[in-house]
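Q: With the input below, show me the fold.
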Amino acid sequence: MTDATELLFTYGTLQFAEVQLDTFGRIVAGDADVLPGYTIDYAEIEDERVVDISGLSVHPVLRATGNPVDKVMGKVLHITTAELDAADEYEVSLYRRTSVTLASGRHAWVYVG
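A: Prediction:
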């Protein structure tokens, strides 16, 4: 997709095919990358729509540690601006989108707690 100008680092349910189909209307190919300075915690999700789509009531959530030894493995999705807006709608209020630098040196969006 030539208009896929945004990079989104995913580490949880946005990697699931069923979530991508519902959120983006397509399966998005991703490539592996690592986010240094963060760890994964878990949170209970109360939004029934998100639970139904993902099949999970407990989702991972990133927590910044600032320690470069801490790392979260995930995938970088190449998406459009409209798809990024759709991802914003999928994520519950527990998450906020922020810009990060990945281990590869690429800059990407990610949802943190």
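Q: my read: R96 touches D88, true?
A: No. Using C-beta atoms under 8 Å, R96 is not in contact with D88; the gap is 9.5 Å. Every residue, glycine included, has its C-beta placed from N, CA and C.
Q: pLDDT (mean, whole number) over the helix or strand hosting D41?
A: If you go by DSSP states H and E, D41 is part of strand 38-44. Averaged over strand 38-44, pLDDT sits at 92.
Q: Next SSE downstream of it?
A: Once the chain leaves strand 38-44, the next helix or strand it forms, by DSSP H and E, is helix 48-54.
Q: What's the mean pLDDT across that following helix?
A: Confidence for helix 48-54, expressed as mean pLDDT, is 88.
Q: Can you spell out which helices and strands pack onto that helix?
A: Judged by 3 or more C-beta pairs under 8 Å, 6 or more residues apart in numbering; DSSP states H and E, the packing partners of helix 48-54 are helix 17-24.
Q: which intervals of the protein have sub-threshold pLDDT?
A: 1-2 (pLDDT under 70).
Q: Show me the longest helix that occurs in it.
A: Across the chain, the longest stretch assigned as helix under DSSP state H is helix 81-90.
Q: quick one on the thing from earlier: what's the strand holding D41 in contact with?
A: Contacts made with strand 38-44 from outside it, assessed by C-beta atoms under 8 Å, 6 or more residues apart in numbering, are listed as 11, 57-65, 70-72, 94, 112-113.
Q: Same question for that strand: list its buried residues.
A: Neighbour counts using 16 or more other C-beta atoms under 10 Å place Y38, I40 of strand 38-44 among the buried residues.
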